[in-house]
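Trainee: Below are the sequence and a predicted model for it; my questions follow.
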Amino acid sequence: MTNMKPVKIFDWFTRLLPLWVVLCGIIAYFWPFVFIPLKSYLELAFALTMLGIGLVINQNEFIPVFRKPHFFGLKFEARAKLPAGINTKQ
């Protein structure tokens, strides 16, 4: 039964993740100096995030990508080109 406590803590943290993101965003907006020391760890945090996402994705979630690869290629192309087209200064 001692293993249940960490599971409950992680479950609680995960359920409230949108709250943590909003709170950190507010803190970063008003007090950016709080996050400046963390700047050197940005790449590591991103890598750990991608690793975590990769660990929870199962094989069945890749099936649509292989069934309609042109759709996902178009999606990535639009993501790259649309912001550049929208961000024209006049």
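Mentor: Good, I have the coordinates. All values reported here derive from a predicted model rather than from experimental measurement.
Trainee: number of nearby residues for V34?
Mentor: 11 (other C-beta atoms under 10 Å). C-beta coordinates here come from the backbone N, C-alpha and C atoms, glycine included.
Trainee: And the nearest residue to it once chain neighbours are set aside, how close does it get to L19?
Mentor: Nearest non-adjacent residue to V34, counting by C-beta to C-beta, 6 or more residues apart in numbering: I27, 5.9 Å away. Relative to L19, I27 is positioned 12 Å away (criterion: C-beta to C-beta, to the nearest Å).
Trainee: Kindly report the same for A45.
Mentor: The gap separating A45 from L19 is 19 Å, by C-beta to C-beta.
Trainee: and W31, what are its phi and psi?
Mentor: When read as degrees, to the nearest 10, the backbone of W31 gives phi -130, psi 70.
Trainee: Can you get me a residue count around it?
Mentor: By other C-beta under 10 Å, 10 other residues sit near W31.
Trainee: Next: F33.
Mentor: Neighbour tally, F33, other C-beta under 10 Å: 7.
Trainee: again with A47
Mentor: So A47, with other C-beta under 10 Å, has 10 neighbours.
Trainee: which residues touch whatever helix or strand I63 lives in?
Mentor: Take DSSP states H and E as the rule and I63 turns out to sit in helix 63-67. For helix 63-67, the surrounding residues in contact (C-beta atoms under 8 Å, 6 or more residues apart in numbering) are F72.
Trainee: what separates it from the chain centre, distance-wise?
Mentor: 22 Å (C-alpha atoms, centre = their mean, to the nearest Å).
Trainee: In contact with the closest residue to C24 other than its chain neighbours, which residues?
Mentor: The shortest distance from C24 to any non-neighbouring residue, by C-beta to C-beta, 6+ apart, is to F35 (7.9 Å). If you count contacts by C-beta under 8 Å, 6+ apart, F35 has them with 24, 27-28.
Trainee: Right, I'll leave it there.
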